[in-house]
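*Asks:* My questions are about this predicted structure, shown below with the sequence.
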Amino acid sequence: MSAFAREAETGARSDAGHDTRARGVSLHDHVVSLVAQRWARSFQCKVTIKPSVEKHGWAAGPHDPDIIGWQYSPAGNRVEWIAEVETEESLARPLIRERLQDHAARGAPFYLFVPKGCRTVAQSVAMRAGIRPNGIYEYAFVNETFQLS
């Protein structure tokens, strides 16, 4: 286990200082929640996370993205962007290429969030999947504070 994973597993705090790790939330779901909170403040759209983290989310399937930014419209909701959070372990899983291809094929801007130090691995996985994410961001916990770069 990396130093990053060890620090995150010991109880990292969110931007607001609320300890969501103490509630038994997985590292992946914790990061999904933190990214969604931060991006909800940054974009002029609604942000919904996958139902494994939020009971009444946008999507219901196991291959649906972790986070979706969307706009409400009486004619039908419109997806603005899609984001997927990966861990060191999930980047090594065999089915990741297929999942990333599915997300990229949705036609909305697609972003990846990976642990600090894993950007090169994520770029390689994306290249082998034949996709080009709109952005790959690295996340880390420094002194129990969530950071994106």
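*Replies:* Thanks, I have the structure now. Residues are numbered from 1 along each chain as shown.

*Asks:* where does the protein have low pLDDT?
*Replies:* 1-23, 51-62 (pLDDT under 70).

*Asks:* any idea how far residue 132 is from the spatially most central residue of the chain?
*Replies:* Closest residue to the average C-alpha location of the chain: residue 85 at 2.6 Å, with C-alpha atoms, centre = their mean. Distance of residue 85 to residue 132, computed by C-beta to C-beta, to the nearest Å: 18 Å. Bear in mind the C-beta positions are built from the backbone N, C-alpha and C, glycine included.

*Asks:* what's the answer for residue 90, then?
*Replies:* On the measure of C-beta to C-beta, residue 90 and residue 132 end up 19 Å apart.

*Asks:* Neighbour count for those two, which is higher?
*Replies:* With neighbours defined as other C-beta atoms under 10 Å, residue 90 and residue 132 compare such that residue 90 has more, 16 against 11.

*Asks:* What separation do you get for that one and residue 147?
*Replies:* Noted for residue 90: a distance of 20 Å to residue 147, by C-beta to C-beta.

*Asks:* Can you give the distance from stretch 30-41 to the centre of its chain?
*Replies:* Computed by C-alpha atoms, centre = their mean, to the nearest Å, the chain-centroid distance of stretch 30-41 equals 8 Å.
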